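**Student:** Make a model of this:
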Amino acid sequence: MEIIHVSAECYPVAKAGGLGDVVGALPKYQCQAGHIAKVVMPMYRTKFLYENEWTVDFKGSANLGNWFFDYTIIKEPTNKLGFDLFLVDINGLLDRQKVYGYDDDTERFTAFQIAVVNWMRNWEHQPDVVHCHDHHTGLIPFMMQYCYDYQQLASVPTVFTIHNGQYQGWMGWDKSRYIPRWDLWKRGMLEWGESINPLASAVKCAGKVTTVSQSYMEELRYNSNGLEKLFEYERGKCQGILNGIDNAVWDPQTDKYLTHHFGVKDVTEGKQKNKELLCERFGLDVNKPLFVFIGRLVGEKAADILPDAIKSAVHNTQAQANFLVLGSGETQVEWAFQQMVEPYKGIFNCVIGYDETLSHLMYAGADFLLMPSRVEPCGLNQMYAMRYGTVSMVRSTGGLQDTVVDMGDTDGFGIRFNQATVGDVDYSIGRAVSVYQDQEHMKKMRQYMMQIDHSWESCVEQYINVYRSLR
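**Tutor:** The predicted model follows:
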């Protein structure tokens with residue numbers, strides 16, 4: 001099959017979250033399985049762009065309402081990522097450093113989608129499937145079917161994957177003029193809640209809809225930011241497929257970011273060496289259990305409750321634990337963590353920002369990973385942690401409850417709690433401190449979780465079956 005993935009992110013080109021990890025890995029493993037997978041994304045001005053050579057694949061022009069624009073498609077010719085990578089350049093819109101966060105994001109991603117469909121219209125052949133990811137590409141299934149200029153693409157199957165249903169790309173009807181000439185009788189395929197909703201449109205128009213875990217698929221029917229009735233109605237074409245992780249990148253035995261490598265047999269010794277590096281760097285006590293948080297400091301991740309939860313846990317455990325935070329996000333949450341560094345010196349530290357090297361070291365050296373997320377469609381961090389023998393402490397939601405079994409259950413290897421509250425996190429930290437005293441039990445949990453298969457190979461075939469069902 002020839003599979004075209006269209007996305008706003010793709011690691012290592014540009015990444016803001018888990019979407020980038022998925023789109024950077026799934027096509028590679030589809031290619032390894034014998035298919036032809038390609039990725040199309042915006043040409044942001046990133047480090048990856050300037051460090052690699054590119055060839056021009058296509059030049060074209062299109063309209064965004066009354067604005068006429070030229071676009072260029074460039075290709076990375078060496079296949080260094082394991083798949084064909086194409087970038088879409090539109091001067092004035094996509095030539096930015098950041099992926100998101102601009103006032104004209106609606107115009108940026110609408111123009112990007114128009115350019116992609118316009119480009120595919122000029123191909124001498126048709127792909128077997130177009131796989132769109134999140135609302136930034138949600139208008140593509142509609143345009144392929146109902147825009148007059150793209151009717152030759154109407155028979156090409158489309159799949160839409162929801163990585164986070166809370167963000168839907170809402171647009172006022174005044175911006176309907178951005179969409180190339182379309183069948184006005186199909187207005188209902190764009191609309192939800194009296195506005196244009198790209199995510200809702202994709203759910204209606206795509207041949208199949210997938211989400212990144214089965215539990216999240218179920219959750220969308222009662223918690224999807226206003227689309228609950230739509231997911232109930234369209235449930236027949238919706239399927240949850242748990243994300244995988246790239247085992248070549250996330251392997252403690254070969255990880256290029258680690259000085260001390262380890263495997264299942266020497267997990268205790270290997271983690272201790274990495275923990276010593278972390279504790280020395282951040283002024284923490286290597287003899288205490290080390291709890292870490294890695295991610296965006298936003299409400300979805302429940303990062304706002306962590307400062308108080310950590311303070312409470314320090315008091316209740318008589319400071320028998322260390323805490324290290326890596327992330328950025330809401331200003332008030334960043335400030336709350338920064339204000340804890342001095343009063344809790346030797347117990348707590350934080351790095352505001354993102355550091356890929358440090359994140360790998362934290363997975364390798366930590367004893368426990370905190371993930372109290374309010375919303376977590378799949379979650380990759382807990383899978384990375386397990387790969388490195390770090391016990392995941394998660395709220396029972398979405399993909400977290402699909403991947404982490406509480407240590408109180410048979411063959412349990414993690415810690416789960418029900419509510420994103422200070423009390424639940426505090427209590428769970430207490431459980432973790434207690435189990436940490438039993439190092440033999442910790443070793444067994446570590447060795448068990450490190451051998452769980454969360455690789456992409458195990459879920460590629462599920463996606464291929466989805467594509468085949470549309471042919």
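
**Student:** tell me the contacts of residue 428?
**Tutor:** By CB atoms under 8 Å, 6 or more residues apart in numbering, the contact list for residue 428 reads 393, 415, 417. C-beta here means a position set from N, CA and C on the backbone, and glycine is covered the same way.

**Student:** what do you get for residue 74?
**Tutor:** Residue 74 touches 43, 54, 55, 56, 57, 86, 87, 89, counting by CB under 8 Å, 6+ apart.

**Student:** Could you dump the residues you listed into TSV and include pLDDT?
**Tutor:** Shown next, in TSV, are these (pLDDT from 0 to 100):
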residue	pLDDT
43	98
54	98
55	98
56	98
57	97
86	98
87	98
89	98
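
**Student:** Just the buried ones among these, please.
**Tutor:** Among the contacts of residue 74, those buried by neighbour count (16 or more other CB atoms under 10 Å) are 43, 54, 86, 87, 89.

**Student:** Can you tell me which of the residues you listed is closest to residue 336?
**Tutor:** Nearest to residue 336 among these, counting by CB to CB, is residue 43 at 36.9 Å.

**Student:** pretty sure residue 469 is in contact with residue 236, am I right?
**Tutor:** No. Residue 469 is not in contact with residue 236 according to CB atoms under 8 Å; the separation is 11.8 Å.

**Student:** Tell me which of these two has more neighbours.
**Tutor:** residue 469 (13 against 7; other CB atoms under 10 Å).

**Student:** measure residue 464 to residue 128 for me?
**Tutor:** Residue 464 is 10 Å from residue 128, where distance means CB to CB, to the nearest Å.

**Student:** Contacts only, for residue 136.
**Tutor:** By CB under 8 Å, 6+ apart, the residues touching residue 136 are 7, 8, 109, 112, 113, 169, 198.

**Student:** secondary structure class for it?
**Tutor:** helix (DSSP: H, G, I helix; E, B strand; the rest coil).

**Student:** what's the answer for residue 72, then?
**Tutor:** Going by three-state DSSP: residue 72 is strand.

**Student:** Give me the mean pLDDT for stretch 269-278.
**Tutor:** Regarding stretch 269-278, the rounded mean pLDDT is 98.

**Student:** Likewise for stretch 240-247?
**Tutor:** 92.

**Student:** quick one: terminal-to-terminal distance for it?
**Tutor:** 21 Å (CA to CA, to the nearest Å).

**Student:** Go ahead and name everything in contact with it.
**Tutor:** 18, 21-22, 24-26, 28-29, 210-218, 378, 380, 383-384, 387, 399, 402-403, 454-460, 462-463, 466.

**Student:** and what of stretch 105-125?
**Tutor:** 4, 6, 8, 40, 42, 58, 60, 62-64, 69, 71, 73, 88, 90, 93-94, 96, 102, 126-127, 130, 136-137, 139-140, 143-144, 147, 149-150, 152-153, 156, 169, 171, 175, 178-180.

**Student:** Looking at those residues, which are in helices?
**Tutor:** Judged by DSSP state H, the subset of the contacts of stretch 105-125 located in helices is 140, 143, 144.

**Student:** Surely residue 459 is in a helix?
**Tutor:** Yes. Assessed by three-state DSSP, residue 459 belongs to a helix.
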